[in-house]
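[1] All I have is the shape, not the residue letters:
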């Protein structure tokens, strides 16, 4: 029986075929078939239809998933200090991750050399600089329904977090409401899956349209984007995580990588923090010496709210998309990206593909064209595999540091079966 091609393979095929077709089409003189039938007809219908499908899901996905994520944090009350430390660690490292991505993006300048400003379908809506106090006040929605209708992402995030935390504080009486949100979350995740089924065709149309317009010039900027994301992921995993593990946790990073490598390989192949979670917990307890009480709390929480790899992708993508459309972002816009991506990580589901939905949310928060996703969606699954490894690495490093600070860590297990010269 012939094996069915995976969605990833189909999306990648759509990317390659779209690029080839677009480059060939760029050499064809303008006319009815090229301009009217293909570029402004079939490509526009398939490409814009797919992008609109993604945008349709942004508000409901963010609202429902953030409510579920923040409601689950109600367990923080049960673990007291452990919960506060874990939540603080995840938020701080996510902010560091997105900052690294933005800085590196502005150093590499992945979008320089490609000009798509002439094919923008709408004008950007970059906000004017405002005092910090006004920005914070504007995050509090006067009318949450209006905020959702207008797509005011920071206001939606604040209202979602408040709703979820209130459900957690109410406790047992709010469980029926929580179950409704959990069911809605499952439905919306299924909707994401349905929309992603059209991704190969949308990617083909969007990429073909881009290359038909700008030709071969898009290849090098796209390669620089990939390099930027992978480099930022490597810096965050080695400098940030291993720095925390050695300086704060006082543990040997070499041993960590040696024992955690099999789990990393599973995360790389599945592109899912949730799918890897059982193995992550088992490794933390049996090979790294973390107590069951800590591992069973911090790791599932991390799979829900700690998405540093996704935040890095969003940071580099924001710089890339702003540059290819010739839009200069202010310091305020970069700060908005940091805040939005950090808070959004609370509700980003640990499954393949959802990072693109939340990326569209981050783009909307600073007024960048969502159409920019077209260039990166075809290669995103390759990057998704790498950033999932970073996500679970951050979860486990946090678990080790918190467990050691709480006396819930067995150092003899961590250093077991390791030669003494390695630990020296």
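    Right, received. Where do you want to start? Since the model is a prediction, treat every value here as computed from it, not as a measurement.

[2] Give me the distance from stretch 267-286 to the chain's centre.
    In terms of Cα atoms, centre = their mean, to the nearest Å, the centre of stretch 267-286 is found 18 Å from the chain centre.

[3] Equivalent analysis for stretch 192-204, please.
    On the basis of Cα atoms, centre = their mean, stretch 192-204 sits 18 Å off its chain's mean C-alpha point.

[4] buried set for it?
    192, 195-196, 199-204 (16 or more other Cβ atoms under 10 Å). For the C-beta atoms, the positions are set from N, CA and C on the backbone; glycine is no exception.

[5] same thing with stretch 222-242?
    Going by 16+ other Cβ under 10 Å, stretch 222-242 has these buried residues: 222, 224-226, 228-233, 235-237, 240-242.

[6] Filter those down to the ones in helices?
    Using DSSP state H, 222, 224-226, 228-233, 235, 242 are the members of these that sit in helices.

[7] for these, which one is nearest residue 139?
    Distance to residue 139 across these (Cβ to Cβ) is lowest for residue 232, with 26.5 Å.

[8] show me where the stretch 1-150 of the chain has helices.
    7-26, 43-72, 76-79, 81-108, 132-138, 144-150 (DSSP state H, counting those that start in this stretch).

[9] Select, out of those, the one closest to residue 283.
    Among the helices of the stretch 1-150 of the chain, the nearest to residue 283 by Cβ to Cβ is helix 81-108 (17.8 Å).

[10] so where's the stretch 251-400 of the chain uncertain?
    Low-confidence segments of the stretch 251-400 of the chain, defined by pLDDT under 70: 269-270, 304, 344-356, 378-379, 381-382.

[11] for the stretch 51-200 of the chain, same thing?
    Residue ranges of the stretch 51-200 of the chain with pLDDT under 70: 69, 72-80, 117-135, 153-154.

[12] Following element in sequence after the biggest helix by length in the chain, please.
    Criterion DSSP H: the longest helix present in the chain is helix 373-405. Going down the chain from helix 373-405, the next helix or strand is helix 411-414, by DSSP states H and E.

[13] Show me what the mean pLDDT comes to for that next one.
    Across helix 411-414, pLDDT averages out at 88.

[14] Sort out which residues of it are buried, please.
    Quick answer for helix 411-414 (16+ other Cβ under 10 Å): residue 414.

[15] Do you have the helices of the stretch 251-400 of the chain handy? List them.
    253-270, 273-286, 292-305, 308-324, 331-344, 354-365, 373-405.

[16] The ones you listed: which one's closest to residue 31?
    helix 373-405 (23.9 Å).

[17] ok and that closest one relative to helix 253-270, angle-wise?
    Between helix 373-405 and helix 253-270, the angle comes out at 140 degrees (axes from the mean of the first three to the mean of the last three Cα atoms, to 10 degrees).

[18] buried stuff in helix 373-405?
    Buried residues in helix 373-405 (16+ other Cβ under 10 Å): 373-381, 383-404.

[19] picking that back up, JSON lines for the helices of the stretch 1-150 of the chain, including mean neighbour count and distance to residue 183?
    Listed next are the helices of the stretch 1-150 of the chain as JSON lines, based on neighbours: other Cβ atoms under 10 Å; distance: least, Cβ to Cβ, whole Å:
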{"stretch": "helix 7-26", "mean neighbour count": "18", "distance to residue 183": "25"}
{"stretch": "helix 43-72", "mean neighbour count": "21", "distance to residue 183": "10"}
{"stretch": "helix 76-79", "mean neighbour count": "14", "distance to residue 183": "24"}
{"stretch": "helix 81-108", "mean neighbour count": "20", "distance to residue 183": "26"}
{"stretch": "helix 132-138", "mean neighbour count": "12", "distance to residue 183": "32"}
{"stretch": "helix 144-150", "mean neighbour count": "14", "distance to residue 183": "19"}
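
[20] With distance to residue 208 added, can I get these in JSON lines?
    Output for the helices of the stretch 1-150 of the chain, formatted as JSON lines (distance: least, Cβ to Cβ, whole Å):
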{"stretch": "helix 7-26", "distance to residue 208": "4"}
{"stretch": "helix 43-72", "distance to residue 208": "6"}
{"stretch": "helix 76-79", "distance to residue 208": "49"}
{"stretch": "helix 81-108", "distance to residue 208": "26"}
{"stretch": "helix 132-138", "distance to residue 208": "40"}
{"stretch": "helix 144-150", "distance to residue 208": "33"}
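
[21] Now do the contacts for residue 182.
    Contacts for residue 182 (Cβ atoms under 8 Å, 6 or more residues apart in numbering) come out as residue 68.

[22] in what helix or strand does it lie?
    With DSSP H and E as the criterion, residue 182 is inside helix 175-196.

[23] roughly how far out does that helix sit from the chain middle?
    The answer for helix 175-196 is 19 Å, by Cα atoms, centre = their mean.

[24] buried residues in it?
    By neighbour count on 16+ other Cβ under 10 Å, the buried set for helix 175-196 is 178, 181-182, 184-185, 188-189, 192, 195-196.

[25] what angle sits between that helix and helix 373-405?
    140 degrees.

[26] Just want the angle from helix 175-196 to helix 354-365.
    Using the same axes, to 10 degrees: helix 175-196 against helix 354-365 is 90 degrees.

[27] contacting residues around the helix or strand that helix 175-196 is followed by?
    Sequence-wise, the next helix or strand downstream of helix 175-196 (DSSP H and E) is helix 199-214. Residues from elsewhere that reach helix 199-214 (Cβ under 8 Å, 6+ apart): 7, 10-11, 13-15, 17-19, 21-23, 25-26, 34, 38-39, 42-47, 49-51, 53, 114-116, 118-119, 218, 371, 374-375, 377-378.

[28] Surely residue 313 touches residue 226?
    No - Residue 313 lies out of contact with residue 226 (Cβ atoms under 8 Å); the separation is 10.3 Å.
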